[in-house]
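# Based on what follows, work out the 3D shape:
(one chain, ligands or ions: 1)
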Amino acid sequence: MDVLGVTARLADPLTPYVDVDRLRPAGPCWVVANMVGGLDGSAAIGGRVAALSTAPDAALFLAMRTLADVVLVGAETIRREGYGPLLLPRGRAAARRAAGKPGSPRLAIVSRSLDLDWTGRAFTDPALDQPPYVVTCQAADRQRLARASQVAEVVLAGDERVDPALALEELARRGATVVLTEGGPTLLGELVAGGHLDELLLTVSPLMGGDPLPVAVAPPGAPLTGFALRHVLREADTLFLRYERAEADRGQ
Ligand SMILES: NC(=O)c1ccc[n+]([C@@H]2O[C@H](COP(=O)([O-])OP(=O)(O)OC[C@H]3O[C@@H](n4cnc5c(N)ncnc54)[C@H](OP(=O)(O)O)[C@@H]3O)[C@@H](O)[C@H]2O)c1
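Okay, here's the model as predicted:
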């Protein structure tokens, strides 16, 4: 058993995450999830994540977007958290452009109902340099699909529901190599169950008593998936854990 040591302070919260080898995904693109949970595993407080997050977690949350081509989010998180454009600080955006990427990652919203606010900032903010993707399925309402396609690029991936494997293939076909999912727990549970999650960043926040919603909700019949701990960081009472899917579970 190791004792968690005190290490040097990190000027940039992104430093330990930049050099991770994300070139060998289990599927068509590397899928990394960034989540925060309380000590009891709760993923929200009063239906929102803000009260769970500490300042260093919020900094890492924003910084991780620098490494992503696409930020994949479930519709319920969009409805509750009110996403806007995924703008990065000027220096980080410039570094991405210098590496031949767009200045910010593209948002991709997963939804069957398409019950989304099409006038919201995620779709209409003048600062958006590319419209978000809306990832949905053939069973989606035709009128809502037409409305979605006015403000987003619609990606059809599945019949009755979005098939995560097809969705990732479609995103990879559009050039995504790193997909960052910011949840929520339902979407994350589906990604894990399908064997698509390559990497998990889990912040453990020093709180208990949040909503009875775990960080990932496994769909019925989901198999167990093993993960290997790659590093642990600490800032005051908050822990930052980085896991990768265990080798034994890869390529299934
Ligand atoms: N702790 C954290 O790190 C964290 C991160 C994110 C969110 N949260 C919290 O989590 C809560 C929301 O999470 P949630 O689990 O309820 O919802 P969620 O995963 O954000 O979104 C679920 C919705 O996504 C769509 N969806 C997911 N899988 C789909 C599929 N296979 N096919 C079609 N549509 C699919 C559906 O949208 P439609 O209903 O539109 O069909 C579904 O209702 C909020 O309280 C939020 O604050 C916490």
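
# Can you name the residues bridging to the residue most central in space within the chain?
Central residue of the chain (CA atoms, centre = their mean): Thr181, 1.4 Å from the mean position. Per DSSP bridges, the residues bridged to Thr181 are Ala33, Leu72.

# My read is that it contacts Val192, right?
No - Thr181 lies out of contact with Val192 (CB atoms under 8 Å); the separation is 10.1 Å. From N, CA and C alone the C-beta is placed, and that goes for glycine too.

# Next one: the residue nearest to the centre of the chain from Ala246, what distance?
Counting by CB to CB, to the nearest Å, the gap from Thr181 to Ala246 is 19 Å.

# so Asp40 makes contact with Pro212?
No - when contacts are counted by CB under 8 Å, Asp40 is not listed as touching Pro212 (9.2 Å).

# hey, where'd the helices end up in the protein?
15-18, 55-64, 75-81, 90-98, 121-124, 142-151, 164-173, 185-193 (DSSP state H).

# Show me which of the ones you listed has the highest average neighbour count.
Of all those, helix 185-193 carries the top mean neighbour count, a mean of 23, counting by mean count of other CB atoms under 10 Å.

# So what touches that one?
For helix 185-193, contacts defined as CB atoms under 8 Å, 6 or more residues apart in numbering pick out 31, 33, 35, 43, 72-74, 76-77, 110, 164, 181, 197, 213-219, 222-223, 225.

# Buried among these? Make that a PyMOL selection.
Burial among the contacts of helix 185-193 is assessed by 16 or more other CB atoms under 10 Å; the matching PyMOL selection reads:
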select buried, resi 31+33+35+43+72+73+74+76+77+110+164+181+197+213+214+215+216+217+218+225
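
# Which elements pack onto the helix or strand of the chain with the lowest mean pLDDT?
Across the helices and strands of the chain, mean confidence by mean pLDDT, DSSP states H and E is lowest for helix 15-18: a mean of 91. Packing partners of helix 15-18 (3 or more CB pairs under 8 Å, 6 or more residues apart in numbering; DSSP states H and E): helix 55-64.

# where are the low-confidence patches of the stretch 151-252 of the chain?
Where the stretch 151-252 of the chain drops to pLDDT under 70, the residues are 250-252.

# Any chance you could note which residues of it sit beside the ligand?
Residues of the stretch 151-252 of the chain lying close to the ligand by CB under 6 Å from any ligand atom are Arg161, Val162, Glu182, Gly183, Gly184, Pro185, Thr186, Leu187, Glu190, Leu213, Val215, Val217.

# Surely Leu168 and Val179 touch.
Yes - using CB under 8 Å, Leu168 is in contact with Val179, at 6.6 Å.

# shared neighbours of these two, anything?
The contact sets of Leu168 and Val179 overlap at Cys29, Val31 (CB under 8 Å, 6+ apart).

# Spatially nearest residue to Leu241 (excluding sequence neighbours)?
Leu202 (4.7 Å; CB to CB, 6 or more residues apart in numbering).

# how many neighbours does the one you found have?
18 (other CB atoms under 10 Å).

# Could you list which residues are in contact with it?
Counting by CB under 8 Å, 6+ apart, Leu202 touches Met35, Val36, Gly37, Val215, Phe240, Leu241, Arg242, Tyr243.

# Which one (most neighbours) among the residues you listed?
Of all the contacts of Leu202, the highest neighbour tally under other CB under 10 Å goes to Val36, namely 26 neighbours.
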